[in-house]
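Chemist: next input, structure requested:
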Amino acid sequence: MSKENTHTKPGRPIATFSGIPIDTLTWIFVFLPGAIGIAAIYLYGIYLAADTYQQHGPALAVARSQSWILLGTILLFLLTAYFIYRLLSSLKRIQVYEWGLKLRNFFLLSKSYSWQELAGISSSATRLTFFGNPVSTTPTAKLFTSAGRSIDISRGYLGLPKLIKIIKTRVYPLIWPKIKSDILARNAVRFGRITVSREGMQISNRTLIWESISRLHTEAGFLVIELHDESARKVPAIDIPNLELMLEAVEVGYQ
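Modeler: Numbers count the residues shown, from 1 in each chain. Okay, the predicted model is just below:
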């Protein structure tokens, strides 16, 4: 008997994370004023054409009105393009199943990944402040497949922090045993721009032995590596797949 392909019968999703819909404020403050403004431009162009036609004929009527008609057409094109962009963005979604993920992108094309096909995820959060006071926090995330592909899932999804947590809960237990065994076997393990081994860490082309490292911690979307000489190296957290597992690998490598 052949093994059933779970991708062909995905079953019911555990959770669905949809794109951000067009909100009421956007309709009120973007599309409605835009439509009114474009209509006013067209009407003014038509009024100029009609008024000039009666007094000076069709040639001058076209000359006086064409710039307004052209402006209205350009603005209509831009407003329509923005509407289509927001509409397609709202139709994106990521569905979580027992077997993995199903992604529908901006072009409404779907792609499925089992948990075993995912090599990890990187995530970060950018906090916006106003005169030192936090205003909002914007999460970002990238999926990494076993085939070496990265997929940006940062933009336009509702509930992204919850999705990130689900993916980590499902993927981390699958990949941690291999990471740990490689470190114990003195094999280097790469986490994006950082490579961890029993001897130390390598960041880009610089190698840091464990004895030179004072502390590792995350701060404002960066992994901060403090050294005993009071200098520090910063790496964007979004560039480090499986950051939490990397920190655990550091603990194993340092022992």
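
Chemist: would you confirm that residue 200 contacts residue 210?
Modeler: Yes - the pair residue 200 / residue 210 is scored as a contact, 5.1 Å apart, by Cβ atoms under 8 Å. Where C-beta positions appear, they are placed from N, C-alpha and C, glycine not excepted.

Chemist: more crowded one of the two?
Modeler: residue 200 (18 against 14; other Cβ atoms under 10 Å).

Chemist: dump the residue contacts of that one.
Modeler: Taking Cβ atoms under 8 Å, 6 or more residues apart in numbering as the criterion, residue 200 is in contact with 207-210, 212-213, 253.

Chemist: in contact with the closest residue in space to residue 35 that isn't next to it in sequence, which residues?
Modeler: Distances taken as Cβ to Cβ, 6 or more residues apart in numbering place residue 79 nearest to residue 35, at 7.2 Å, with adjacent residues excluded. By Cβ under 8 Å, 6+ apart, the contact list for residue 79 reads 31, 34-35, 38.

Chemist: could you flag which of the residues you listed are buried?
Modeler: Using 16 or more other Cβ atoms under 10 Å as the burial test, these include 34, 38 as buried.

Chemist: in CSV, list the contacts of residue 79 along with pLDDT and distance to residue 53.
Modeler: Formatted as CSV, the contacts of residue 79 follow (pLDDT from 0 to 100; distance: Cβ to Cβ, whole Å):
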residue, pLDDT, distance to residue 53
31, 96, 33
34, 97, 29
35, 97, 27
38, 97, 23
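
Chemist: from the contacts of residue 79, pick the one nearest residue 244.
Modeler: Ranked by distance to residue 244 (Cβ to Cβ), those are led by residue 31 at 42.1 Å.

Chemist: that closest one and residue 84 touch, don't they?
Modeler: No - checked against Cβ under 8 Å, the pair residue 31 and residue 84 is beyond contact range at 12.0 Å.

Chemist: low-confidence bits of the stretch 151-255 of the chain, can you list those?
Modeler: Along the stretch 151-255 of the chain, segments meeting pLDDT under 70 are nowhere present.

Chemist: burial check on residue 97, number of neighbours?
Modeler: A count of nearby residues for residue 97, using other Cβ under 10 Å, gives 18.

Chemist: I should have written residue 213 there, sorry.
Modeler: Around residue 213 there are 17 other residues, counting by other Cβ under 10 Å.
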